[in-house]
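[1] Sequence and predicted structure, then a few things I'm wondering about:
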Amino acid sequence: MKSMDKSELPKFIESNLKRGLSPEEIKQQLLIRGFFDYDIEEAFQSLHIKEFSEEETEKPALKKVESMEGWDENLPKTEETQN
């Protein structure tokens, strides 16, 4: 296997994306070949490609509950709790 210089990372990434590999699969290949996370991320950034294809979605805000009252309302009733 031919040794690859870090300057060749963007070309390697672009080529493998065209072949259908995901950014995560490409990153794993590069880590196995001994490249550092920082160099891989820099190469993805130079191509203006988000490293992971997962889009960040807005998560609903958590509701803070001050009381423990009613926590068991939706639990199935068992023989012990019905008595």
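    Thanks, I have it.
[2] and the closest residue to Ala43 other than its chain neighbours, what element?
    Of all residues not flanking Ala43 in the chain, Leu9 sits nearest, at 3.6 Å (CB to CB, 6 or more residues apart in numbering). From N, CA and C alone the C-beta is placed, and that goes for glycine too. In this assignment (DSSP states H and E), Leu9 forms part of helix 9-18.
[3] Against which helices or strands is that helix packed?
    Judged by 3 or more CB pairs under 8 Å, 6 or more residues apart in numbering; DSSP states H and E, helix 9-18 is in contact with helix 23-32, helix 37-46.
[4] Dump these to a markdown table, plus mean neighbour count.
    Shown next, in a markdown table, are the helices and strands packed on helix 9-18 (neighbours: other CB atoms under 10 Å):
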| stretch | mean neighbour count |
| --- | --- |
| helix 23-32 | 16 |
| helix 37-46 | 15 |
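[5] Can you tell me which of the ones you listed is nearest to Leu75?
    For the helices and strands packed on helix 9-18, the distance to Leu75 is smallest for helix 23-32, at 38.6 Å, taking CB to CB.
[6] same question for that closest one, mean pLDDT?
    In this model, helix 23-32 carries a mean pLDDT of 94.
[7] what ranges of this protein fall below the confidence cut-off?
    Low-confidence segments of the chain, defined by pLDDT under 70: 1-2, 50-72, 79-83.
[8] Between its first and last residues, how far does stretch 28-43 reach?
    14 Å (CA to CA, to the nearest Å).
[9] List the contacts of it.
    Stretch 28-43 has contacts (CB atoms under 8 Å, 6 or more residues apart in numbering) with Met4, Lys6, Leu9, Pro10, Phe12, Ile13, Asn16, Leu21, Lys27, Glu51.
[10] Check whether Leu75 sits in a helix, strand or coil.
    What DSSP: H, G, I helix; E, B strand; the rest coil gives for Leu75 is coil.
[11] State the number of residues packed around it.
    Neighbours of Leu75 under the rule other CB atoms under 10 Å: 8.
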